[in-house]
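Visitor: Need a 3D model of the following:
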Amino acid sequence: MNNYDLIVVGSGAAGMISAIIAARAGKKVLLCEQQAKLGPKLKATGGGKCNLSNTLSNEDFMNSFGKNGRFMSDALEKFDYKKLIEFLNNIGVETHIPDGFRIFPISHSSSTIIKALADELVNQKIDIKYSTKITDILCKDEKILGLKSENEEFYSSNVIIATGGLGYSMLGANGDGYSFAKSLGHKVTSLYPAMLPLITKEKWVANCKADTIAKAELKIDLKKAKKLKAVGDLIFTVKGIRGPVVLDFSREITPFLEQYEEVPILMNLVKGKNEEEIYSYIKTFTKKEENANANIEEVLASLLPNSVIKELCNLVLADSTKRFKDLNGQTREKLVKIIVSTPLTIVDHVGFEKAMITRGGVSLKEINPKTMQSKIIEGLYFCGEVVDLDGPCGGYNLQWSFSSGNLAGQLLN
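Guide: Numbers count the residues shown, from 1 in each chain. The predicted model follows:
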């Protein structure tokens, strides 16, 4: 009864689709989930709205993952966003692209995706073991034999590790996949929380909480990170910063926080405008007769929220109720400079508990990109977040989970 063609560990997007693909090919499949329900982390994706993917070309999609992106070429070729839409439609999920870029289920609910996948697991007669914690992968002579749970053993010559990363630890993520990989001789790269809010040394940000800055540009003010930057919406919080641009850029900052106690960043809060453009804007604005006596807050009102204007003025000791031309030359220069290049110091983050994804994972050098099979152990496969690939917000990571799960489910053995 405990013999299978394939055993999948983990019931996220990668795990469920890999089990379905294998079962559709006639394989006898067992899916093991340590929680009492399927897809606990998938349920939280995109705040529960489930941004499934996006409409980028495969080339641009891979580039968004950085230097490791090329690894996913084969997986995307076989299962890109168009194939994902087709697959979901096949199991009863309608999707749409409301902004022309991001793909969602029409319901905008991750529960719709989980239910459809769960129904298909049943349709394919896949055995599911809930509340089952796997303790060991059985292996002999560099070949997979099966695995062991706390209560019993299951046998198969193929095992797919789809356990996800360390992000959202409150939903059960515990790093088991990394432990399994290491125990079987695989290298796991350094692991960092990614896609999470950041905490700043500066306290003035609390006075700007809930203000959103559109198209803010972030850079790390360190020599070794000069080329790193991100653009997107930024939101100030009581303790720091969040928003899409912060979620994306946090993956670059958290590794530096392990090296340094503080990571200085520079923010352009005025849609990339430089000092010359700010001076030109101010000159044009104040030239109008009705604006001749406008104070700094009034002049900059179309560029920044009032709370931010006041705080930036405070930083350079400028009175925001004065006219710009009434400031002394040095103060004017400092104010314009801080508007286009606002310094902040990142001193901490909110940890894996609130991190959406993990940066790092099982080394790609030891995985065959054409199959997702281990190059070390025959019959061992990895897919999804457990491997060393992570992308920005916008459906990138979920698409990778589906694509890699699809590829792993097309077993060689």
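Visitor: Okay, strands next: where are they in the stretch 151-300 of the chain?
Guide: In the stretch 151-300 of the chain, the strands defined using DSSP state E, counting those that start in this stretch lie at 153-155, 159-161, 192-194, 198-200, 212-220, 229-236, 240-242, 263-268.
Visitor: Tell me the gap between the longest one and the middle of its chain.
Guide: Read that as strand 212-220. What separates the centre of strand 212-220 from the centre of its chain is 17 Å, taken as Cα atoms, centre = their mean, to the nearest Å.
Visitor: circling back: please tabulate the strands of the stretch 151-300 of the chain in CSV, including the columns mean pLDDT and mean neighbour count.
Guide: No exception for glycine: its C-beta is placed from N, CA and C like everyone else's. Formatted as CSV, the strands of the stretch 151-300 of the chain follow (pLDDT from 0 to 100; neighbours: other Cβ atoms under 10 Å):
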stretch, mean pLDDT, mean neighbour count
strand 153-155, 98, 16
strand 159-161, 98, 31
strand 192-194, 94, 26
strand 198-200, 98, 21
strand 212-220, 96, 20
strand 229-236, 96, 20
strand 240-242, 97, 23
strand 263-268, 98, 20
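Visitor: Quick one, which of the ones you listed gets closest to Q410.
Guide: Among the strands of the stretch 151-300 of the chain, the nearest to Q410 by Cβ to Cβ is strand 159-161 (11.0 Å).
Visitor: contacting residues around that closest one?
Guide: Strand 159-161 has contacts (Cβ atoms under 8 Å, 6 or more residues apart in numbering) with 6-10, 15, 18-19, 137, 144, 146-147, 177, 180-181, 362, 372, 379-383, 386, 405, 408-409.
Visitor: mean confidence for the longest helix seen in the chain?
Guide: Ordering each helix of the chain by length in residues (DSSP state H) puts helix 244-259 first. Mean pLDDT, helix 244-259: 95.
Visitor: Now that helix: buried residues?
Guide: For helix 244-259, a neighbour-count test (16 or more other Cβ atoms under 10 Å) marks 244-257 as buried.
Visitor: same question, stretch 120-129
Guide: For stretch 120-129, a neighbour-count test (16+ other Cβ under 10 Å) marks 120-121, 124, 126-129 as buried.
Visitor: Stretch 75-87 now?
Guide: For stretch 75-87, burial by neighbour count (16+ other Cβ under 10 Å) applies to 75-76, 79-81, 84-85, 87.
Visitor: and it, how far out from the chain's middle?
Guide: Its chain's C-alpha centre lies 20 Å from the corresponding centre of stretch 75-87 when counted by Cα atoms, centre = their mean.
Visitor: related to what we said a few turns ago, and the longest helix of the chain, what does it pack onto?
Guide: Here helix 244-259 touches strand 192-194, strand 198-200, strand 212-220, strand 229-236, strand 263-268, strand 342-349, strand 357-359, going by 3 or more Cβ pairs under 8 Å, 6 or more residues apart in numbering; DSSP states H and E.
Visitor: Could you report the neighbour count for G361?
Guide: Using other Cβ atoms under 10 Å, G361 is surrounded by 27 other residues.
Visitor: A194 is in contact with that one, correct?
Guide: No - here G361 lies out of contact with A194, judged by Cβ atoms under 8 Å, at a distance of 11.0 Å.
Visitor: shared neighbours, those two?
Guide: Residues touching both G361 and A194 by Cβ under 8 Å, 6+ apart: D390.
Visitor: Can you list the helices and strands that the helix or strand of the chain with the lowest mean pLDDT packs against?
Guide: The helix or strand of the chain with the lowest confidence, counting by mean pLDDT, DSSP states H and E, is helix 40-44 at a mean of 83. Other elements packing on helix 40-44 under the criterion 3+ Cβ pairs under 8 Å, 6+ apart are helix 110-123.
Visitor: can I have the helix it packs on written out in PDB, keeping just the CAs?
Guide: Extracted in PDB, the C-alpha atoms of helix 110-123 (Å, rounded to 0.1, in the frame of the first residue of the first chain):
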ATOM      1  CA  SER A 110      -6.200  32.400  -3.600                       C
ATOM      2  CA  SER A 111      -8.900  30.100  -2.200                       C
ATOM      3  CA  THR A 112     -10.200  29.700  -5.800                       C
ATOM      4  CA  ILE A 113      -6.900  28.400  -6.900                       C
ATOM      5  CA  ILE A 114      -6.400  26.100  -3.900                       C
ATOM      6  CA  LYS A 115      -9.900  24.500  -4.300                       C
ATOM      7  CA  ALA A 116      -9.400  23.900  -8.000                       C
ATOM      8  CA  LEU A 117      -6.000  22.300  -7.500                       C
ATOM      9  CA  ALA A 118      -7.400  20.200  -4.600                       C
ATOM     10  CA  ASP A 119     -10.300  19.000  -6.700                       C
ATOM     11  CA  GLU A 120      -7.900  18.000  -9.500                       C
ATOM     12  CA  LEU A 121      -5.800  16.100  -6.900                       C
ATOM     13  CA  VAL A 122      -8.900  14.100  -6.100                       C
ATOM     14  CA  ASN A 123      -9.800  13.700  -9.800                       C
END
